[in-house]
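Asker: pasted the sequence and its predicted model underneath.
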Amino acid sequence: MTDLFDPCEFNGLRLQNRIALSPLTRTRSNDAGEAGELQALYYAQRASAGLLITEATPVAPGGRGGPNIPGLWNDDQIAGWRQVTDAVHAKGGVIFSQLWHAGRLSHSSLGGGEPPIAPSAYRQPGQIFTLSGPHDYEEARALRLDEMPGIVGMFRAAAVRAKAAGFDGVELHAAHSYLIDAFLRDMTNKRTDAYGGSIENRARLLVEVLEAIIGVWGPERTAVRLAPIGHAYQAWDSDPEPLFTYVVERLNDLKVGWLDMVEGDTGISRTAEPSFDLQKLRRLFKGVTIANNMYDRDLAIAARAADTADMIAFGRPFIGNPDLVERLRRNAPLHVADPRSYYGGGARGYTDFPTLETEAG
């Protein structure tokens, strides 16, 4: 027996089960960064999850990590997301918007010709895919001190738009070496001002952005994604345990409602550093914890039996299995989606996967 599939209630939200749809970038918006009918169908198909968290949603054009990603940086994008939330709610689902700025992991062609931004000047190795194809990452410029209020303002404005679009809450993307996470880690943050150096200073932007979001949504509808032991884009912190202990303590001070915690490196490894038990953070955090990264049915059931998380997130299995919850419940076979359809394109490889019901028919 397991309670993984049982209804539950957290922070005033009634959820159908303890399974979450993890954010999955699918790059299928129009060139204006607008969601629409295709995204509405995609999320509605997966609305049987207890909580849906959208693909990373940029708060600025220069905050995109690639083209054709639906955003919330202008009011014209509200209507498309409203189609999504209406479709999900019609199916009885609950959906959060994940607010995101890619920081140095963007490109000038996505930001109106402006170079990408970061806590400190940094050139990311490798390439990024843009509208004109793959390009080398560019040198990111360090944000000036006087620009920090504007960054906070971008997130606040996107949170306001998310509310206008009918979402049930928002998640701040503070993981995977994107802008907020890059400020946290000493490898990517070499600043000597109020936003660099000490752990308190490196966490300052995260706290200020959360305060702005909470001012719009309240703490119970605000979530944060962290990846304390991740090494995304070859970046890390020299001593993550005290850093993320401090971060979680600040989340508690702010009464943040949800912690979406990635264990290991997304889609690569669940291995934890021996000196850092992530359960310390789980026990420290006072809100709802979502365990995330490479879970299957057995791991999810075991996690709930051991009470190592309140909810379990699934990512890639949801791509080819819109009815993943029911398939997990029945221990039915899962479709494995073709990775070539992960990013870009139309309905094929996005909304055309069969459910158990249609297969039986």
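Answerer: Done, it's in. Numbering: from 1, shown residues only.
Asker: from now on I want contacts and neighbour counts done on CA atoms only, so please keep to that.
Answerer: Will do.
Asker: could you measure from residue 90 over to residue 260?
Answerer: Residue 90 sits 25 Å away from residue 260, going by Cα to Cα, to the nearest Å.
Asker: more neighbours: those two, which one.
Answerer: The neighbour count for residue 90 versus residue 260, taken as other Cα atoms under 10 Å, is higher for residue 260 (26 against 12).
Asker: please enumerate the strands of the stretch 101-250 of the chain.
Answerer: Secondary structure of the stretch 101-250 of the chain (DSSP state E, counting those that start in this stretch): strands located at 117-118, 122-123, 127-130, 133-136, 139-142, 169-173, 222-226.
Asker: ditto for the stretch 251-361 of the chain
Answerer: Counting by DSSP E, counting those that start in this stretch, the strands of the stretch 251-361 of the chain are 258-262, 288-292, 311-314.
Asker: pull out the buried positions in the first one.
Answerer: Buried positions in strand 258-262, judged by neighbour count with 16 or more other Cα atoms under 10 Å: 258, 259, 260, 261, 262.
Asker: between these, which sits nearest residue 211?
Answerer: residue 258 (14.5 Å; Cα to Cα).
Asker: who touches stretch 311-325?
Answerer: 4-5, 18-24, 45-46, 48-49, 288-296, 300, 304, 334-337, 342, 349-350, 353-356 (Cα atoms under 8 Å, 6 or more residues apart in numbering).
Asker: same thing but at 6 Å, please
Answerer: Stretch 311-325 is contacted by residues 18-22, 45-46, 290-292, 335-337, 353, 355 when judged by Cα atoms under 6 Å, 6 or more residues apart in numbering.
Asker: in ChimeraX, how would I select the buried members of those residues?
Answerer: To isolate the buried members of the contacts of stretch 311-325 in ChimeraX, using 16+ other Cα under 10 Å:
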select :18,19,20,21,22,45,46,290,291,292,335,337,353,355
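Asker: one step back: TSV for the strands of the stretch 251-361 of the chain, including mean pLDDT?
Answerer: Compiled in TSV, these are given as follows (pLDDT from 0 to 100):
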stretch	mean pLDDT
strand 258-262	97
strand 288-292	97
strand 311-314	98
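Asker: save those strands as JSON lines, and put in distance to residue 34 too.
Answerer: Conversion of the strands of the stretch 251-361 of the chain to JSON lines gives the following (distance: least, Cα to Cα, whole Å):
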{"stretch": "strand 258-262", "distance to residue 34": "25"}
{"stretch": "strand 288-292", "distance to residue 34": "27"}
{"stretch": "strand 311-314", "distance to residue 34": "25"}
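Asker: remind me, longest helix of this structure?
Answerer: Ranked by number of residues, the top helix in the chain under DSSP state H is helix 148-164.
Asker: by contact count, what packs against that one?
Answerer: Judged by 3 or more Cα pairs under 6 Å, 6 or more residues apart in numbering; DSSP states H and E, helix 148-164 is in contact with helix 204-217.
Asker: check which helices and strands the helix it packs on sits against.
Answerer: helix 148-164.
Asker: ok, which of the strands of the stretch 251-361 of the chain comes nearest residue 110?
Answerer: Distance to residue 110, taken as Cα to Cα, is lowest for strand 258-262 among the strands of the stretch 251-361 of the chain, at 27.3 Å.
Asker: helices and strands around the closest one, which ones?
Answerer: When contacts are defined as 3+ Cα pairs under 6 Å, 6+ apart, strand 258-262 sits against strand 222-226, strand 288-292.
Asker: could you dump those to CSV with distance to residue 13?
Answerer: Shown next, in CSV, are the helices and strands packed on strand 258-262 (distance: least, Cα to Cα, whole Å):
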stretch, distance to residue 13
strand 222-226, 12
strand 288-292, 12
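Asker: let me know which of the ones you listed is the nearest to residue 149.
Answerer: Nearest of these (Cα to Cα): strand 222-226, 19.8 Å.
Asker: now that closest one - C-alpha only, CSV.
Answerer: The C-alpha coordinates for strand 222-226 follow below in CSV (Å, rounded to 0.1, in the frame of the first residue of the first chain):
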residue,chain,number,x,y,z
THR,A,222,5.3,30.4,-3.7
ALA,A,223,7.7,27.6,-4.5
VAL,A,224,11.5,27.4,-5.1
ARG,A,225,13.5,25.0,-7.1
LEU,A,226,17.0,24.2,-5.8
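Asker: distance of residue 153 from residue 357?
Answerer: Counting by Cα to Cα, the gap from residue 153 to residue 357 is 46 Å.
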